[in-house]
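*Asks:* Predicted coordinates and the sequence they were generated for:
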Amino acid sequence: MANKDSVLKQYDQRHKKYERFSKEVEHQIRCILEEEGIVYNAITSRVKERDSLGKKIDVKQDKYGDLSEITDIAGIRVITYYDNDVNRVAEIIEREFCVDKENSIDKREALDPEKFGYCSVHYVVSMNEERLKLPECRAYAGMKCEIQIRTVLQHAWAEIEHDLGYKSEIAIPKDIRRSFSRLAGLLEVADKEFQEIRDFLTEYQEKVETEMEQDVSKLPDSDLDAVLLEAIINTNPKIQELNRQIGEISGREIDTKELQEKYVTTLQELNFLKIHTTTQLNERIERNADLALYLTDKILRNDDKTEQATALTKTIGIFYICYAELLLNGCGKDEIMQYMESNFIGRDYEDQNTFAEELLRYGQEFMTRQ
């Protein structure tokens, strides 16, 4: 008991420091993953609660004589969408931190395949010498934390298992054990299937972009999807030049990364205008680019300067191609407002009405100059 009391006293004295330490490691991991372009579901940090620590010491029967001997006081959890990203994050952790190999484990490899359960990669790490030279990190020399890396499906398994309160096979009836085993197998299959879908989409996009760069005329006409839309934006010289000029006019950068939701929104806008295929879109880009640039110049030069720090999405050129399409198709104010309302553009009726009138005026000015 003397050891337990001593360790808990140290815990009380250092609790705040461990909180700061776990937050710092969490911050560092966030920054590194974002720099590496790894999209993750969540990154969280925590400090082990006092009662939980006390129970751990009791189970280990006075194994610990000092708080520093316990490696999971601070904990970080990284939840990825795909199993391959677990491996990528693991490589980064090994590169960026000092890993305590003896206390680290890849439970995916350690798990008996005949037993139920769903596991993750566990690292015990400390900051490397380079980071400890930084003023904000010097105080954390010698401190360790546990980093868990798992997919979102692995996390779901662990959370449900925890909620059910069963930590051991012997606590579960045989029929329920079978159900756990089946579910574990289904989740493992689902993880692999999601990974294969992502790999297919990545290969599909690379193939499409390569074909477009070589000779866009040889690409078969296809129904537009998010991959083809991105490939057109990335390879069509007219849309690339339009995006560049829009950036110059607005004084804002074009964000090279694009959320999938934005492609869906753009596809909906194109669908409203009956632009359904790659050929139709490329034809509209060719026909509408000059008017789209004119509209951009009129609209964005008068844009609120306080918003100029916000980067533009790389679908911005297509956004103005669609406005040009409305005008070149002879749409009136009501049709423009219907387009805006259907695609959730503009704050309210008055806003949409004012913008539609401006758009028509700009279109007439452009036609007059031709």
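*Replies:* Arrived safely, thanks for sending.

*Asks:* Please save the CA atoms from stretch 359-370 in PDB.
*Replies:* The C-alpha trace of stretch 359-370 is given here as PDB (Å, rounded to 0.1, in the frame of the first residue of the first chain):
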ATOM      1  CA  LEU A 359     -26.000  38.900 -63.400                       C
ATOM      2  CA  LEU A 360     -28.400  39.800 -66.200                       C
ATOM      3  CA  ARG A 361     -26.900  43.300 -66.400                       C
ATOM      4  CA  TYR A 362     -23.400  41.900 -66.600                       C
ATOM      5  CA  GLY A 363     -24.400  39.500 -69.300                       C
ATOM      6  CA  GLN A 364     -25.900  42.200 -71.400                       C
ATOM      7  CA  GLU A 365     -22.800  44.300 -71.000                       C
ATOM      8  CA  PHE A 366     -20.700  41.400 -72.200                       C
ATOM      9  CA  MET A 367     -22.900  40.700 -75.200                       C
ATOM     10  CA  THR A 368     -22.800  44.300 -76.200                       C
ATOM     11  CA  ARG A 369     -19.000  44.300 -76.200                       C
ATOM     12  CA  GLN A 370     -18.800  41.300 -78.500                       C
END
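
*Asks:* list the buried ones in that stretch?
*Replies:* For stretch 359-370, the neighbour count (16 or more other C-beta atoms under 10 Å) marks 359-360, 362-363, 366 as buried. Where C-beta positions appear, they are placed from N, C-alpha and C, glycine not excepted.

*Asks:* Run a quick neighbour tally on P237.
*Replies:* Per other C-beta atoms under 10 Å, the neighbour tally for P237 reads 9.

*Asks:* What about it? Give its phi and psi, please.
*Replies:* Note on P237: backbone dihedrals following degrees, to the nearest 10 are phi -60, psi -40.

*Asks:* Find the residue closest to A289 in space, skipping its chain neighbours.
*Replies:* K238 (4.9 Å; C-beta to C-beta, 6 or more residues apart in numbering).

*Asks:* How about L228?
*Replies:* Spatially, and ignoring its direct neighbours in sequence, L228 is nearest to T278 (5.5 Å; C-beta to C-beta, 6+ apart).

*Asks:* And the pLDDT at that neighbour?
*Replies:* What the model reports for T278 is a pLDDT of 91.

*Asks:* got a list of what it touches?
*Replies:* 219, 221-222, 224, 228, 232 (C-beta atoms under 8 Å, 6 or more residues apart in numbering).

*Asks:* Can you add pLDDT, neighbour count and secondary structure and give the residues you listed back as CSV?
*Replies:* Output for these, formatted as CSV (pLDDT from 0 to 100; neighbours: other C-beta atoms under 10 Å; DSSP: H, G, I helix; E, B strand; the rest coil):
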residue, pLDDT, neighbour count, secondary structure
L219, 61, 18, coil
D221, 82, 9, coil
S222, 87, 13, coil
L224, 93, 20, coil
L228, 88, 22, helix
I232, 89, 23, helix
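
*Asks:* now, which of those residues sits nearest I336?
*Replies:* L224 (22.3 Å; C-beta to C-beta).

*Asks:* mind listing what the residue nearest to K333 when sequence neighbours are not counted touches?
*Replies:* Leaving aside its chain neighbours, K333 sits nearest to A356 (4.6 Å; criterion: C-beta to C-beta, 6+ apart). Contact partners of A356, counting by C-beta under 8 Å, 6+ apart, are 333, 336-337, 340.

*Asks:* do the same with D58
*Replies:* By C-beta under 8 Å, 6+ apart, D58 lies in contact with K4.

*Asks:* In the helix or strand that contains it, which of the residues would be classed as buried?
*Replies:* Here D58 sits within helix 50-59, counting by DSSP states H and E. Buried residues in helix 50-59, defined by neighbour count with 16+ other C-beta under 10 Å: 53, 56-57.

*Asks:* pLDDT averaged over stretch 191-204, what's the number?
*Replies:* On average, stretch 191-204 scores 86.

*Asks:* List the buried residues of it.
*Replies:* Buried, per 16+ other C-beta under 10 Å, within stretch 191-204: 191, 194-195.
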